[in-house]
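J.: What follows is a predicted protein model with its sequence.
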Amino acid sequence: MTSVLYDAQGPRAKRRNVLYTVLFVLGAAAVVWWVYDGLTSKHQLDWVKWKPFFTSSQPWETFLWPGLQNTLKAAFFALIIALPLGALFGIGRLSDHRWVRGPAGVVVEFFRAIPVLILMLIANQAYFEYTELDPDTRLLYAVITGLVLYNASVLAEIVRAGILTLPSGQTDAAKAIGMRKGQTMVFVLLPQAVTAMLPAIVSQIVVIVKDTALGGAVLAFPELLASVRPMAANYGANTIACFTIIAVIYLALNFALTSFASWLEQRLRRAKKSTGAIVGTGPGGDLETIDAPSLKIDGERAV
Amino acid sequence: MFDFLEGYDLLGAFWVTVQLTVYSALGSLIWGTLLAGMKVSPVPLMRGFATGYVNVVRNIPLTVIILFASLGLFQTLSISLGASDFTDINFRLAVLSLSAYTAAFVCEALRSGINTVPVGQAEAARALGLSFTQILRLIILPQAFRSVVNPLSNVLIALTKNTTVAAAIGVAEASYLMKGMIENEAQLLLISAVFAFGFIVLTLPTGLILGWVSKKVAVKR
Amino acid sequence: MQLRKVTAASAAVLALALTATACGSDDKDDASGSGGGKKITIGIKIDQPGIGLKTPDGKYTGFDVDVATYVAKELGYDAADITFKETKSADRETSIERGDVKFIAASYSINDERLQKVDFAGPYLLAHQDILVRADDSSIKSPEDLNNKKLCSVAGSTSAQNVHDKLAPKAQLQEYGGYSECLTGLENKAVDALTTDDSILAGYASQDANKGKFKLAGFKMTNENYGIGLKKGDADLKKKINDALTKMVSDGSWKKAVDANFGPAGYKNEEAPKIGDIVK
């Protein structure tokens, strides 16, 4: 496989590449060995610390699965509330009326500027003082509220960028056949923008799933990450083993999400002659497709 | 009205936030550029490593990464990054984790920037006999960077907000102070307003200035 | 047509997510089918070995749990009728005020601030802030030795504040979200001591996985009178709980519970406190 960034490799370049590869492998092996050695000498890899996860289903049933359920619950509700809200604000920012555009813009910029963790703390305290929710529900609500406020404003930007990528001819044509503004948006613009927005939306879903962990860290909301606390307390403080297992679960979950989404995206792309997103003609054969320039910007925001 | 602020080192806490942000931004820019370089390099193993790194790091919560740094690197592998007391060690570990995490996003942004450089640029450079590193360093990256100022500024804003996670290992930045204040004072709305305002002061100018820079340096095509 | 496909796709996502959460929400309380007796909800901790801990089989153990179970039995509830509920430190007062729990036994120290919002039965245990060190470490002989040492505690806890303000202002303090993280540091010699109530420390030290690794220093740096929190003004319940606690001490169950939960760590417990006798 060649790329435009470098010439087809001759014998010398190939030898050099082999050398680099060997050096890289050696370096990586040294690091792995050093980590392994360090962990072993501090007894962190002792079987007794890892055994519970592999020999019994109990830690999974009692701690991890309920935690994962809470993670999924919070992420799911945050998503289904944030999506329409985000679409609303995104469209609002494109409105012809200044009194709609202005406030929508202010709200979006405001909540994008504040850390989710602080939004969650505020929401929790507000529910605590002004409502009668029982503690479990309150924490769930606080986490969802924090996630919704932030992610709706990010999704608003994604929706706005997605609609802006569409050629203006689409709007003109819709006007020409006598569609009203609302109809143009719902039947012409949004459906086309969805394909273009999909990658950005998916990376936002991954962000939502990851950010539920903030609820565990600051509010002790019993999600996946927070399930470490009672779990590690049972197994003699095997925190490193616990966090490793948790990290693997997050990886698997988010990997499944992104895989499903890219499958979905490809189906949508194949199903129509895309106008919303452009396949980039990247310089290298191994470089992937890209989206329309202005949208890409928002895709990268998902940090 | 703001007398509840007395006795709290608000500016000090936000100063820690700023320091975390600046150091991590530099760290992630360097590491992210290296990763992007690896990702388009001729050595397949390096490409694989960069792809794997980005996919793993992006899919794990930052909190977990920071806890790994503290529990794994410091407490188990005894890496104290040249510092001797907990305040410094935790600060440096936080910078390290934030850099490692943010680098994945910098790498992705840069890679899409590389994609926007026309093929002809690289072909012309090869025709002149430049090597891969020369092409990357002299031709591709300078143009790529100019086209990704905007995405990078979004990454920077996200980084600023992500520094709040450092409270998980006891770094006394803004959110750490805020949590303490909420517990001790009865002024919820004012306290939140103050901290929200603080973050807006930090992030809004970043976005505006870099947005202006991005227009300035954009490559006209 | 695209529209329809998008809708179908989102419906698929929705369905998927719904199934995921739906499995989550099947309640466990409907085990009530049999008895038909009255139920009681008690607030405890679920992440403190020796005090209140949720074990992998879904049950609860610890001294607070034993006390709560004994008291509930005296009030006329079978062990099967008890629902244990986690009450986080910040939520204890409100949970009682709103009646989410009947009473709370969760390493709950009696103090004036809390007495304004809730009533306390007991105390049923006198604990002290202490430190946990590695078993082979003899460098800390008095609280003053803590200066220049590396301490670890839970962020925002009173133990952490005590260290800062009074006990050892020069000690370095590492704060985490939970005690387990501190224990990893202690085990790996990154920190020298873990500080909080001796009852909690004893619980950790007596766990099978930790036996022989750690010891308590035995410093009595503060007095923590653990009481059972209940709704303010409920004198009837308070009296009943106090009677139950008295009986628990006199029939030997109290001593048995102490030995079972804290014993193996070399924890020298205080005598059972007299009801209403708060040690300042």
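T.: Arrived safely, thanks for sending.
J.: going forward, measure contacts between C-alpha atoms and count neighbours the same way
T.: Will do.
J.: List of residues touching stretch C:90-110?
T.: Outside stretch C:90-110, the residues that touch it by Cα atoms under 8 Å, 6 or more residues apart in numbering or on different chains are A:134-135, C:40-45, C:51-52, C:64-65, C:67-68, C:85, C:87, C:114, C:117-118, C:120, C:123, C:224-232, C:278.
J.: Now do the buried residues in that stretch.
T.: C:92-96, C:100-110 (16 or more other Cα atoms under 10 Å in any protein chain shown).
J.: before we move on, what about stretch B:193-200?
T.: Buried residues in stretch B:193-200 (16+ other Cα under 10 Å): B:195-196, B:198-200.
J.: Filter the contacts of stretch C:90-110 down to just the ones in strands.
T.: C:40-44, C:52, C:85, C:118, C:120, C:123, C:224-231 (DSSP state E).
J.: Quick check: B:Y8 vs B:V165, distance?
T.: Distance of B:Y8 to B:V165, given as Cα to Cα, to the nearest Å: 20 Å.
J.: Between the two, tell me which one has more neighbours.
T.: Counted by other Cα atoms under 10 Å in any protein chain shown, B:Y8 and B:V165 do not tie: B:V165 has more neighbours, with 26 against 13.
J.: Can you verify the more buried one is assigned to a helix?
T.: Yes. Counting by DSSP: H, G, I helix; E, B strand; the rest coil, B:V165 falls inside a helix.
J.: wait, it sits on B:T63?
T.: Yes. Using Cα atoms under 8 Å, B:V165 is in contact with B:T63, at 6.1 Å.
J.: Can you work out which residues contact both of those two?
T.: A:L214.
J.: What helix or strand is C:D130 located in?
T.: Secondary structure from DSSP states H and E places C:D130 in strand C:129-134.
J.: How far away from the center of its chain is that strand?
T.: 17 Å (Cα atoms, centre = their mean, to the nearest Å).
J.: Return the distance of the helix or strand bottoming out on mean pLDDT in chain B from the chain's centre.
T.: Lowest by mean pLDDT, DSSP states H and E among the helices and strands of chain B is helix B:174-184, with a mean of 84. Taking Cα atoms, centre = their mean, one finds the center of helix B:174-184 at 24 Å from the center of the full chain.
J.: which is the next helix or strand following it?
T.: Next helix or strand after helix B:174-184 toward the C-terminus (DSSP H and E): helix B:188-217.
J.: for that following helix, packing partners?
T.: The elements that helix B:188-217 packs onto, with contact taken as 3 or more Cα pairs under 8 Å, 6 or more residues apart in numbering or on different chains; DSSP states H and E, are helix A:98-113, helix A:116-130, helix B:141-147, helix B:149-162, helix B:174-184.
J.: Could you report the distance from C:A217 to chain B?
T.: 22 Å (Cα to the nearest Cα, to the nearest Å).
J.: Now that residue: closest residue in space, sequence neighbours ignored.
T.: Nearest residue to C:A217, sequence neighbours excluded (Cα to Cα, 6 or more residues apart in numbering or on different chains): C:I131, at 5.7 Å.
J.: which parts of the stretch 101-250 of chain A sit against chain B?
T.: Contact residues, the stretch 101-250 of chain A versus chain B (Cα under 8 Å from any Cα of the partner chain): A:110, A:113-118, A:121-122, A:125-126, A:206, A:210-211, A:213-214, A:217-218, A:225, A:239-240, A:243, A:247, A:250.
J.: which of those count as buried?
T.: Buried subset of these (neighbour count, 16+ other Cα under 10 Å): A:110, A:113-118, A:121-122, A:125, A:206, A:210-211, A:213-214, A:217-218, A:225, A:239-240, A:243, A:247, A:250.
J.: Buried residues, stretch C:273-280. List them.
T.: In stretch C:273-280, counting by 16+ other Cα under 10 Å, buried: C:273, C:278.
J.: so where's chain B uncertain?
T.: In the predicted model, chain B carries pLDDT under 70 at residues B:1-2, B:220-221.
J.: give me the beta-bridge partners of the residue in the stretch 1-150 of chain C positioned nearest to chain B?
T.: Proximity of the stretch 1-150 of chain C to chain B (Cα to the nearest Cα) peaks at C:K150, 8.2 Å away. Beta-bridge pairing for C:K150 (DSSP bridges): C:Q172.
J.: Excluding residues flanking it in the chain, which one is nearest the residue in the stretch 1-150 of chain A that chain B sits nearest to?
T.: Distances between the stretch 1-150 of chain A and chain B by Cα to the nearest Cα are smallest at A:P115, namely 4.8 Å. Excluding its sequence neighbours, the residue lying closest to A:P115 (Cα to Cα, 6+ apart) is B:K161, at 4.8 Å.
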